[in-house]
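> what shape does this take:
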Amino acid sequence: MSIKMPGSRSRHNYHPENEGLVNKQINMEFHAYYVYRSMASFFSRDDVALPGFAKYFKEEAEGEKTHADKFIEYQSQRGGRVVYKTIDKPQRDDWDSPLHAMECALELEKQVYQSLLDMHASAELHNDHHLADFLEDYFLRHQVEALDLVARHITKIKRVGDGLGIYMFDKELQC
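Numbers count the residues shown, from 1 in each chain. This is a model prediction of the structure:
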């Protein structure tokens, strides 16, 4: 015997398209978490041994998990339904070099940012001021700052080169 639950009483002005985009973003944030954890694991290996990069990517992973949690809470507050989907594994487990990992991180951050921009455009299209404000207050500025930080890391990595330079940059990331 199954019991049919009534629809949400708190749902108001929450377009199904926006609800779907929030669910998509939850999945994207969890995927980013997986990718960053993969990077952290790679740099933690004894044959790679760059603990600063491992720490940096582990912290980034935790940030992505926090973002997913924030979207899950938001979905519930708005009367939406969280729909969990399969999380794609990272496309790779080896990251070739710190530069390669940072370049992949930059591309990932750009994808996340574009998804947030698409959701913001949908919120505006459907006159969902609450969703637009939520994205502006919690995510858009943070995403621009994340893009800038990763881009700066790439510049520094290129500047210092391999060997002692990457070792010194790794030490900087440990702080």
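
> Tyr36 reaches Lys65, doesn't it?
No: checked against C-beta atoms under 8 Å, the pair Tyr36 and Lys65 is beyond contact range at 9.2 Å. Where you see a C-beta, it was placed from the backbone N, CA and C, and this is true even at glycine.

> between those two, which has more neighbouring residues?
Tyr36 (24 against 17; other C-beta atoms under 10 Å).

> excluding its backbone neighbours, what's nearest the more buried one?
Ala61 (3.6 Å; C-beta to C-beta, 6 or more residues apart in numbering).

> what number of residues lie near the one you found?
Neighbours of Ala61 (other C-beta under 10 Å): 20.

> what's the answer for Ala68, then?
Using other C-beta under 10 Å, the number of residues around Ala68 comes to 20.

> any idea which helix or strand carries it?
Under the criterion of DSSP states H and E, Ala68 resides in helix 51-77.

> so after that helix, what's the next helix or strand?
Next along the chain from helix 51-77, counting by DSSP H and E, comes helix 98-125.

> any low-confidence regions in this protein?
Applying pLDDT under 70 to the chain picks out residues 1-6.

> what comes up buried for the helix holding Ala68?
Residues 52-58, 60-61, 63-65, 67-68, 70-72, 74-75 are the ones in helix 51-77 that count as buried (16 or more other C-beta atoms under 10 Å).

> measure the residue nearest to Tyr36 to Ser10 for me?
Counting by C-beta to C-beta, to the nearest Å, the gap from Ala61 to Ser10 is 31 Å.

> again, but for Glu17
For Glu17, the distance to Ser10 - C-beta to C-beta - is 19 Å.

> give me the more crowded residue out of those two.
Per other C-beta under 10 Å, whichever of Glu17 and Ser10 has more neighbours is Glu17, with 14 against 11.
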